[in-house]
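K.L.:
Sequence unavailable; structure follows:
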């Protein structure tokens, strides 16, 4: 359904000019059985910002992104749960509007 | 939290060379109280593709995007619910991977 960008788009160069790490912007939405929600939530909190029920966002290096994907694979049941990873070259490609409340600003502990 | 692209990015020109309509790619994630979920789901189905619990995706014109935003404003309680709209110049900016099942392919009726 979605076109796939060449991998190079995300791996070439470093926006921060650091130790060769290349960053990308990631949105993750998950739909997992209730008994696994807590584990997935806790795991993703270690890498990204929680923005809404079952939605995380943030910047990751290519390496951390693979770490998140591998971690998720271990935590979920792939025949029952679903996790979608949307990734972008950088945050400037993403225009975001919220209608209603901004969960992330009010739910300090979820 | 997210940088805002200049509005011109989404409104200038037409990818399809049609009657001046400009398209954008949209991902919508919502977190609304259970009693309003059905209405929001039905409404969004009229414009976009359902991809996962509380997640829709698809291409919209600028006009249809405003229509969706206005419709959502009328359907939800803005002091209780939350709907996030992510938009992109076009689908090619979005790289998507799914781990686990692809809900949209198995849940014909939800």
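P.N.:
Perfect, I can see it now. Bear in mind that the values here come from a model prediction, so they are computed numbers and not experimental data.
K.L.:
Give the buried residues for the helix or strand hosting residue A:67.
P.N.:
Here residue A:67 sits within helix A:62-75, counting by DSSP states H and E. Judged by neighbour count (16 or more other CB atoms under 10 Å in any protein chain shown), helix A:62-75 contains these buried residues: A:62, A:64, A:65, A:68, A:71, A:72, A:75. Quick note: C-beta positions are derived from backbone N, CA and C, even for glycine.
K.L.:
Packing partners of it?
P.N.:
strand A:23-31, helix A:34-45, strand A:82-88, strand B:95-100 (3 or more CB pairs under 8 Å, 6 or more residues apart in numbering or on different chains; DSSP states H and E).
K.L.:
again, only this time at 10 Å
P.N.:
Taking 3 or more CB pairs under 10 Å, 6 or more residues apart in numbering or on different chains; DSSP states H and E as contact, the helices and strands that helix A:62-75 lies on are helix A:8-11, strand A:23-31, helix A:34-45, strand A:55-61, strand A:82-88, strand B:95-100.
K.L.:
Below-threshold pLDDT in chain A: ranges please.
P.N.:
Along chain A, segments meeting pLDDT under 70 span A:1-20, A:105-110.
K.L.:
now residue A:27, nearest residue through space, not along the chain?
P.N.:
The shortest distance from residue A:27 to any non-neighbouring residue, by CB to CB, 6 or more residues apart in numbering or on different chains, is to residue A:86 (4.4 Å).
K.L.:
and residue A:77, how many neighbours does it have?
P.N.:
12 (other CB atoms under 10 Å in any protein chain shown).
K.L.:
quick revisit: between the buried residues of helix A:62-75, which is closest to chain B?
P.N.:
The closest of those to chain B turns out to be residue A:72 (CB to the nearest CB; 5.5 Å).
K.L.:
Spit out the contact partners of that closest one.
P.N.:
Each residue near residue A:72 by CB atoms under 10 Å, 6 or more residues apart in numbering or on different chains is listed here: A:28, A:30, A:32, A:40, A:43, A:44, A:78, A:81, A:83, A:85, B:99, B:100.
K.L.:
now for these, which pair is the farthest apart?
P.N.:
Distance extremes for the contacts of residue A:72: the farthest pair is A:44 and A:78 at 16.7 Å, using CB to CB.
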